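# model the following, please.
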Amino acid sequence: TFTDSGGESHGAVVEMLRACAAQLLLATLAFLLLYVITGPEGSPGGSHFALLVLYLAALWVGKLTAPFKKLPPLLPMLLVGFLLRNVPELGTMIGKQVDPEWSSALRLSALTLILTRAGLAMDLNALLRLRFVVLRLAMLPCLCEATAAALLATWLLDFPPLWAAMLGFVVAAISPAVVVPSLLALQDQGFGVEAGIPTMVVAAAPLDDVLSIAGFGICLGISFAESSWLNYARAPLELLLGLGTGMIGAALLAVLTPSSNEEEGAKDLRLLLLLSAALCTAFGLREVGFSGAAALAVLVLGAGCARGWGPAAKPVSASIADLWTRLAQPLLFSLVGASVVVTDLETETLAGGLLIIFIAGLVRFCAVMLALSGRGMKQQEKFFTAIAWTPKATVQAALGGLALDEAREDNEELLGRRLLAVAVLCILVTAPPGATLIALMGPRLLQKVDKPEVEDTGLDKPEMDVVPAETLPGFLQRPAELEFQNTTWSPRIGCGKIGRRAGELLVKHVLDNDLRTSVLAF
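Numbers count the residues shown, from 1 in each chain. Reported below is the predicted structural model:
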């Protein structure tokens, strides 16, 4: 027994060393290839070299901290970018060398990916089932918090009204990347199932983000509009242009790649067309001065494609989720962290930002309690939902630097840096405590429903979705993490085993932002 144990331990160490050596070799080859292609820009001190260092550092730190389930991966990525910008020697060689135009383009691309995912994840059937409860939960807390933050920003930070409104919408958006996995972990244990809290929150989360992003975009467009006469019609024009562009694009893609097309390569074609259309829409509308319409158009494009493609949209959504995890997320959060310069921060901005976040958060808390009134929920369930509706992260990172990118005058640049600082502060103050409070308070405040294990009885299976493995995100498809024959179920984010029937696995999981029970078919 001792010999076998030692052999297994030795083999695990060897495998780990091999994996590390392969990662180092891959990174070395990436830097060599970058230098061969770009020359001086790909060497230490060059802008392309700095981008690659930020991406790889954020990616590796995210992998190292993955075992800490309660720590959102975006936080260490954000910290890496911040350190590579503000540590003296590293900041000079890496953080300061990032080209602002490249940084702006990459952050807008990441935002486009987020908006496309949000559009694809909008489940209209779930919204119809939950009706006004979801709408109240999505709209009332968001608008109340945005209004409170905007009013406080005009007083504490001396922001003009439109800039204050932009800051309000940035602060108001919640983070499904933090909220959904945390709630699903409680759902797997049976907490909150009877009250339908996980389903309600997951359905409302995309709408909350849509409202924040659209509001921010419209205010941004009005703030930097050059034609004075256009400002009066700016809001309805942005709305109509965004809705019209997204609907036309979705209709075109649905006609060119209908759901009935099941040929080999159809999924890849849909993915390429959707991403290309979304990026062209975002950059094109921003170029002509309609940033607000750009955000709304991409959201509508994704939602329209999900509706038009039906089940065929699920593999596309899974591929975009995988692309976000592997590429866009490390780039976005490391670049946002690298945009914060400690020497430029003012004590007044930090103190005012903390006060804004705290008071506006209390307003959101009360608004959630009000939105859930009359639904027959217990007081402690409302209290928990209000706690779960507080973490901020992804949208703050995506929107925080957009106003700074558009700044043309010194005063606008100062306001843009203050807005970015408050956005980063909002992530740091709400995401870690929010995820921790959800995990700690859920078992104390929510009623638990014990669900029996599903046994292999040979009886007819209950009616459930049969989900092909390829429609799930990439991290659920790896054999090392999913061995259904051995009843092993240990993926990294928010899934749990319910039971097994001869050769199939019944799981509780998130698919297109909807909590559901499925039979995984392989």
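
# can you tell me how far the closest residue to residue 319 other than its chain neighbours sits from residue 309?
Distances taken as CB to CB, 6 or more residues apart in numbering place residue 271 nearest to residue 319, at 5.2 Å, with adjacent residues excluded. Backbone N, C-alpha and C define where each C-beta goes, glycine included. Going from residue 271 to residue 309 by CB to CB, to the nearest Å gives 11 Å.

# which helices and strands does the helix or strand harbouring residue 322 pack with?
Secondary structure from DSSP states H and E places residue 322 in helix 313-323. With contacts taken as 3 or more CB pairs under 8 Å, 6 or more residues apart in numbering; DSSP states H and E, helix 313-323 sits against helix 100-121, helix 266-287, helix 291-309.

# next SSE downstream of it?
Downstream of helix 313-323, the next assigned helix or strand under DSSP H and E is helix 329-338.

# how many neighbours does residue 159 have?
22 (other CB atoms under 10 Å).

# equivalent analysis for residue 17, please.
Neighbourhood size, residue 17 [other CB under 10 Å]: 10.

# ditto for residue 213
25.

# tell me how far it lies from residue 291.
Distance from residue 213 to residue 291, by CB to CB: 10 Å.

# how about residue 410?
In terms of CB to CB, residue 410 sits 21 Å off from residue 291.

# now the helices and strands packed on helix 313-323 in JSON lines, with mean pLDDT and distance to residue 87?
Converted to JSON lines, those look like this (pLDDT from 0 to 100; distance: least, CB to CB, whole Å):
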{"stretch": "helix 100-121", "mean pLDDT": "83", "distance to residue 87": "18"}
{"stretch": "helix 266-287", "mean pLDDT": "91", "distance to residue 87": "33"}
{"stretch": "helix 291-309", "mean pLDDT": "84", "distance to residue 87": "33"}
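
# any weak-confidence spans in the stretch 101-250 of the chain?
Applying pLDDT under 70 to the stretch 101-250 of the chain flags residues 122-131, 177, 181, 184, 203, 225-235.

# what segments of it are helices?
124-156, 161-172, 176-188, 197-223, 228-231, 234-256 (DSSP state H, counting those that start in this stretch).

# highest mean neighbour count out of those helices?
Highest mean neighbour count among the helices of the stretch 101-250 of the chain (mean count of other CB atoms under 10 Å): helix 161-172, with a mean of 26.

# can you give me the angle it makes with helix 124-156?
130 degrees (axes from the mean of the first three to the mean of the last three CA atoms, to 10 degrees).

# then helix 161-172 to CSV, C-alphas only?
C-alpha atoms of helix 161-172 as CSV (Å, rounded to 0.1, in the frame of the first residue of the first chain):
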residue,chain,number,x,y,z
PRO,A,161,-25.4,65.9,-14.6
LEU,A,162,-24.7,63.6,-17.6
TRP,A,163,-21.4,62.4,-16.1
ALA,A,164,-23.1,61.8,-12.8
ALA,A,165,-25.8,59.7,-14.7
MET,A,166,-23.1,57.7,-16.4
LEU,A,167,-21.5,57.0,-13.0
GLY,A,168,-24.9,56.0,-11.6
PHE,A,169,-25.5,53.4,-14.3
VAL,A,170,-22.0,52.0,-14.0
VAL,A,171,-22.4,51.6,-10.3
ALA,A,172,-25.9,50.1,-10.6
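
# count of neighbours near the closest residue in space to residue 313 that isn't next to it in sequence?
Spatially, and ignoring its direct neighbours in sequence, residue 313 is nearest to residue 306 (4.5 Å; CB to CB, 6+ apart). The tally of other residues near residue 306 (other CB under 10 Å) stands at 24.

# same thing with residue 288?
With other CB under 10 Å as criterion, residue 288 counts 10.

# what of residue 416?
Count around residue 416 with other CB under 10 Å applied: 21.

# nearest spatial neighbour of it, skipping sequence neighbours?
Excluding its sequence neighbours, the residue lying closest to residue 416 (CB to CB, 6+ apart) is residue 404, at 3.1 Å.

# likewise for residue 324?
Nearest to residue 324 is residue 113, by CB to CB, 6+ apart, at 5.5 Å.

# surely that neighbour touches residue 320?
Yes. Between residue 113 and residue 320 there is a contact at 6.5 Å, judged by CB atoms under 8 Å.

# joint contacts of those two?
When contacts are counted by CB atoms under 8 Å, 6 or more residues apart in numbering, residue 113 and residue 320 are jointly contacted by residue 275.

# gap between the residue nearest to residue 313 and residue 206?
Using CB to CB, residue 306 is found at 11 Å from residue 206.

# I'd guess residue 376 is in a strand, am I close?
No. Going by DSSP: H, G, I helix; E, B strand; the rest coil, the assignment for residue 376 is coil, not a strand.

# can you pull the contacts of the nearest residue to residue 161 once chain neighbours are set aside?
Residue nearest to residue 161 in three dimensions, not counting chain neighbours: residue 154, with 6.6 Å by CB to CB, 6+ apart. Going by CB under 8 Å, 6+ apart, residue 154 touches 160-161, 164.

# possible to save these as TSV with distance to residue 98?
As requested, the contacts of residue 154 are arranged in TSV below (distance: CB to CB, whole Å):
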residue	distance to residue 98
160	29
161	32
164	29
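
# now, which of those sits nearest residue 196?
Using CB to CB, residue 164 is the member of these that sits closest to residue 196, with 36.1 Å.

# check contacts around the closest one.
Residue 164 sits in contact with 149-151, 153-154, 157, where contact means CB under 8 Å, 6+ apart.

# hmm, back to that, which one's more surrounded, residue 410 and residue 291?
Set residue 410 next to residue 291 and count neighbours by other CB under 10 Å: residue 291 wins out with 25 against 8.

# who touches the more buried one in this structure?
Here residue 291 is in contact with 217, 220-221, 224, 285, 402, 406 (CB under 8 Å, 6+ apart).

# ok, it to residue 101 distance?
With CB to CB as the criterion, residue 291 and residue 101 are 16 Å apart.

# quick one on the thing from earlier: okay if I get the helices and strands packed on helix 313-323 as JSON lines plus distance to residue 188?
Below are the helices and strands packed on helix 313-323 laid out as JSON lines (distance: least, CB to CB, whole Å):
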{"stretch": "helix 100-121", "distance to residue 188": "20"}
{"stretch": "helix 266-287", "distance to residue 188": "29"}
{"stretch": "helix 291-309", "distance to residue 188": "26"}
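
# most tightly packed of those?
helix 291-309 (a mean of 26).

# that one versus helix 313-323: what angle between them?
Using the same axes, to 10 degrees: helix 291-309 against helix 313-323 is 130 degrees.

# can you dump the C-alpha coordinates of helix 291-309 into PDB?
Extracted C-alpha coordinates of helix 291-309, given in PDB (Å, rounded to 0.1, in the frame of the first residue of the first chain):
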ATOM      1  CA  SER A 291     -22.100  54.500 -28.600                       C
ATOM      2  CA  GLY A 292     -25.400  54.000 -26.800                       C
ATOM      3  CA  ALA A 293     -27.100  52.600 -29.900                       C
ATOM      4  CA  ALA A 294     -24.100  50.300 -30.300                       C
ATOM      5  CA  ALA A 295     -24.600  48.600 -26.900                       C
ATOM      6  CA  LEU A 296     -28.300  48.200 -27.400                       C
ATOM      7  CA  ALA A 297     -27.900  46.900 -31.000                       C
ATOM      8  CA  VAL A 298     -25.500  44.200 -29.900                       C
ATOM      9  CA  LEU A 299     -27.900  43.100 -27.200                       C
ATOM     10  CA  VAL A 300     -30.900  43.000 -29.500                       C
ATOM     11  CA  LEU A 301     -28.700  41.100 -32.100                       C
ATOM     12  CA  GLY A 302     -27.900  38.400 -29.700                       C
ATOM     13  CA  ALA A 303     -31.500  38.100 -28.400                       C
ATOM     14  CA  GLY A 304     -32.900  38.000 -31.900                       C
ATOM     15  CA  CYS A 305     -30.400  35.300 -33.000                       C
ATOM     16  CA  ALA A 306     -31.300  33.200 -29.900                       C
ATOM     17  CA  ARG A 307     -35.000  33.500 -30.800                       C
ATOM     18  CA  GLY A 308     -34.500  32.800 -34.500                       C
ATOM     19  CA  TRP A 309     -32.000  29.900 -34.200                       C
END
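
# many thanks, we can stop here.
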